[in-house]
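Student: Task: produce atomic coordinates for the following.
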Amino acid sequence: MNKGTGVGIRNQGAMSDFVGPFDVSSRLTEQTFHCRFSHLWNGIATRHSDTVDTKFLVDGKGVVVALAHPAFVDFWKKSGRNLTDREASYIAAHYLRERLEQEDERALYDATAADVARIVQQLGIC
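Tutor: Residues are numbered from 1 along each chain as shown. Take a look at the predicted model:
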């Protein structure tokens, strides 16, 4: 993903289109969850948390994946650039996918800085 360019994945188009709809099958029950990304916002202001919050609709129900803000600072220190909103939405979608594969259904997921760094590495964002 744009390795070495310092550009990242640009924020183009409507935010709700950053991540296309996707399905996730539980490894435990084989239930299929239908997911759609909605938007993201700064959780510091709305929930008084040190996160960037991302909202998805999972089978029509609102679900928030909160990405630990310190991970964004760590990324900036290592790469010299900020994560784009689109990249954050990809990270959140990946984290949500992992949780739903384990049939870990919640209204709010907290992705730690370590989780975000791991997924950045897995997705090849640099």
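
Student: helix or strand for residue 104, which one?
Tutor: Taking DSSP states H and E as the criterion, no element holds residue 104; it sits outside all helices and strands.

Student: I'd like to know how far it sits from residue 29.
Tutor: For residue 104, the distance to residue 29 equals 12 Å [C-beta to C-beta, to the nearest Å]. Where C-beta positions appear, they are placed from N, C-alpha and C, glycine not excepted.

Student: May I have the residues that are in contact with residue 94?
Tutor: With C-beta atoms under 8 Å, 6 or more residues apart in numbering as the criterion, the residues that contact residue 94 are 119, 122, 123.

Student: Closest one of the residues you listed to residue 20?
Tutor: Within the contacts of residue 94, proximity to residue 20 (C-beta to C-beta) peaks at residue 123, which comes in at 15.3 Å.

Student: Could you report the pLDDT at that closest one?
Tutor: Model confidence at residue 123, given as pLDDT, is 94.

Student: now do residue 41
Tutor: Model confidence at residue 41, given as pLDDT, is 84.

Student: Which residue ranges of the chain form helices?
Tutor: Secondary structure of the chain (DSSP state H): helices at 43-46, 69-79, 85-101, 113-123.

Student: Same question for the longest one: list its buried residues.
Tutor: Read that as helix 85-101. Going by neighbour count (16 or more other C-beta atoms under 10 Å), the buried part of helix 85-101 is 85-100.

Student: quick one: furthest residue from the center of this structure?
Tutor: When each C-alpha in the chain is compared with the mean C-alpha position (C-alpha atoms, centre = their mean), residue 29 comes out farthest, at 24.0 Å.

Student: hmm, back to that, possible to save the helices of the chain as a markdown table with distance to residue 54?
Tutor: Formatted as a markdown table, those follow (distance: least, C-beta to C-beta, whole Å):
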| stretch | distance to residue 54 |
| --- | --- |
| helix 43-46 | 9 |
| helix 69-79 | 13 |
| helix 85-101 | 4 |
| helix 113-123 | 11 |
